[in-house]
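Peer 1: A predicted structure for the sequence below; I have some questions about it.
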Amino acid sequence: GAVVSQHPSWVICKSGTSVKIECRSLDFQATTMFWYRQFPKQSLMLMATSNEGSKATYEQGVEKDKFLINHASLTLSTLTVTSAHPEDSSFYICSARDPGTDTQYFGPGTRLTVL
Amino acid sequence: GENVEQHPSTLSVQEGDSAVIKCTYSDSASNYFPWYKQELGKRPQLIIDIRSNVGEKKDQRIAVTLNKTAKHFSLHITETQPEDSAVYFCAASLYNFNKFYFGSGTKLNVKP
């Protein structure tokens, strides 16, 4: 099946710093990607929809200035957690829709720990 | 937005038995219902999906049923094996839009 990668797989940072997470579709072009966060033993919560060439659309309650999303190309979306705090510590997962198969594929996730 | 409820939260079965996980959704406009399997620390993997124009779909030991009127859908796993142990998530979405709203997950434990 199609592959979606994320980088880094894990990151530890100090409170107040910003962290960028990359999501790439490796063998298909994705006009739409999605960002989720998952707390331990909990479900995936949709944060935002990343649209290539336009602004991301955020779910209710998600701060767009806190979680900056850029979808600069058909194979890359980035999520930047700005001024990270310990409560931002979570597992962040992206997904991308393969327009050829109409199937949504998930990345392996990025575990963020904010000290 | 869409609200998806899933139960049970945990399910323990003996190897060879069947397992059933149920989900309900709130938005009658939702028309695509995938099921994902997630092993600890790994990405969710699509195992089966169903669209609203179909009432049932089967793939070997896995089947999904959909009742549009009642707004619920279920995952059925027959002849369970220890490697089926994982967390299973249902989701609902508007197919063309593709925003997934996930259920809370079911931790399935298959005992050898």
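Peer 2: Nice, thanks for sending it over.
Peer 1: confidence-wise, which helix or strand of chain A is lowest on average?
Peer 2: strand A:103-106 (a mean of 86; mean pLDDT, DSSP states H and E).
Peer 1: what residues of whatever helix or strand comes next after that strand count as buried?
Peer 2: For strand A:103-106, the succeeding helix or strand toward the C-terminus, using DSSP states H and E, is strand A:110-114. Of all the residues in strand A:110-114, those buried under the rule 16 or more other C-beta atoms under 10 Å in any protein chain shown are A:110, A:112, A:114. Where C-beta positions appear, they are placed from N, C-alpha and C, glycine not excepted.
Peer 1: so for strand A:110-114, what's the average pLDDT?
Peer 2: Average pLDDT, strand A:110-114: 96.
Peer 1: mind listing what it pairs with, with the direction of each?
Peer 2: Sheet pairing of strand A:110-114 (DSSP bridges) gives strand A:10-13 (parallel), strand A:90-98 (antiparallel).
Peer 1: in TSV: those strands, plus mean neighbour count and mean pLDDT.
Peer 2: Converted to TSV, those look like this (neighbours: other C-beta atoms under 10 Å in any protein chain shown; pLDDT from 0 to 100):
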stretch	mean neighbour count	mean pLDDT
strand A:10-13	14	96
strand A:90-98	23	92
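Peer 1: stretch B:81-91: which residues count as buried?
Peer 2: So stretch B:81-91, judged by 16+ other C-beta under 10 Å, has buried residues B:84-91.
Peer 1: wait, which of those is closest to chain A?
Peer 2: B:Phe89 (6.3 Å; C-beta to the nearest C-beta).
Peer 1: ok, the closest one touching A:Phe106?
Peer 2: No: with contact defined as C-beta atoms under 8 Å, B:Phe89 does not reach A:Phe106; the gap is 10.7 Å.
Peer 1: where do the contact lists of these two overlap?
Peer 2: B:36, B:44 (C-beta atoms under 8 Å, 6 or more residues apart in numbering or on different chains).
Peer 1: double-check that A:Glu87 belongs to a strand.
Peer 2: No: assessed with DSSP: H, G, I helix; E, B strand; the rest coil, A:Glu87 is helix; it does not lie in a strand.
Peer 1: what count of nearby residues applies to the nearest residue to B:Asn53 once chain neighbours are set aside?
Peer 2: Among residues not flanking B:Asn53 along the chain, B:Asn31 sits closest, at 7.9 Å (C-beta to C-beta, 6 or more residues apart in numbering or on different chains). Residues lying near B:Asn31 (other C-beta atoms under 10 Å in any protein chain shown) number 18.
Peer 1: and what of the one 5 residues further on?
Peer 2: Here the count is done by other C-beta under 10 Å, and B:Tyr36 has 24 residues near it.
Peer 1: show me what contacts the closest residue in space to it that isn't next to it in sequence?
Peer 2: Nearest non-adjacent residue to B:Tyr36, counting by C-beta to C-beta, 6+ apart: B:Pro44, 3.8 Å away. Neighbouring residues of B:Pro44 by C-beta under 8 Å, 6+ apart: A:44, A:93, A:106, B:36-38, B:89.
Peer 1: and the furthest pair within these?
Peer 2: Based on C-beta to C-beta, the longest span within the contacts of B:Pro44 runs between A:Ile93 and B:Lys37 and measures 14.1 Å.
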